[in-house]
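Colleague: here is my input, please return the structure:
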Amino acid sequence: MCDDTGYAGRTGVFEILMVSDRIRSAIKNIQSAPEIYNIAIAEGMVPLRVNALKKVKAGISSLEEFRRVFI
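Modeller: Residues are numbered from 1 along each chain as shown. This next block holds a predicted model:
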C-alpha cells in the first residue's frame, strides 16, 4: 500500500538509445559520448528535450513543467 503518496496522472519523458551496429562499433572504439549521441540522433533517436516539448505541444504537459525540469 502506498498510502496515496505516488504521483497520479503523470507522464514519462524518455530518451531511448537503441544500440545499433554503428553505435556498438563507436562504443568499442571508445568514441566520446557526444560522438555516440550524434550517431544516435542521426539514426532517429528523439532527444529528451524534444520528447518533452512534443508533450507540451500536444497538451500532455505544460511549458511551466518543462521549464522546471530543463531550465
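Colleague: any chance you could map the helices in the protein?
Modeller: For the chain, applying DSSP state H gives helices covering 21-28, 33-42, 48-57, 63-70.
Colleague: lowest average confidence, helix or strand, in the chain?
Modeller: When the helices and strands of the chain are scored by mean pLDDT, DSSP states H and E, helix 63-70 comes last with a mean of 93.
Colleague: list the buried ones in it?
Modeller: Across helix 63-70, burial judged by 16 or more other Cβ atoms under 10 Å covers E65, F66. For glycine as for every other residue, the C-beta is placed from the backbone atoms N, C-alpha and C.
Colleague: got a list of contacts for it?
Modeller: Here helix 63-70 makes contact (Cβ atoms under 8 Å, 6 or more residues apart in numbering) with V13, R49, A52, L53, V56.
Colleague: again with stretch 39-57
Modeller: Outside stretch 39-57, the residues that touch it by Cβ under 8 Å, 6+ apart are 11, 13-18, 20, 22-23, 26, 61-63, 65-66, 69-70.
Colleague: which among those end up buried?
Modeller: Listed as buried from these are V13, I23, A26, S61, E65, F66; burial here means 16+ other Cβ under 10 Å.
Colleague: those residues: which two are farthest apart?
Modeller: Within these, A26 and E65 form the most distant pair, 33.3 Å apart (Cβ to Cβ).
Colleague: for F14, which non-adjacent residue is closest in space?
Modeller: Nearest residue to F14, sequence neighbours excluded (Cβ to Cβ, 6 or more residues apart in numbering): N51, at 6.2 Å.
Colleague: could you check how far the one you found is from G12?
Modeller: From N51 across to G12, the span is 9 Å (Cβ to Cβ, to the nearest Å).
Colleague: and those two? Which one has more around it.
Modeller: N51 (15 against 6; other Cβ atoms under 10 Å).
Colleague: do you know the pLDDT at the more buried one?
Modeller: What the model reports as pLDDT for N51 is 97.
Colleague: ok, M45 - how many residues close by?
Modeller: Neighbourhood size, M45 [other Cβ under 10 Å]: 19.
Colleague: what do you get for the one 3 residues further on?
Modeller: A count of neighbours around L48, defined by other Cβ under 10 Å, yields 14.
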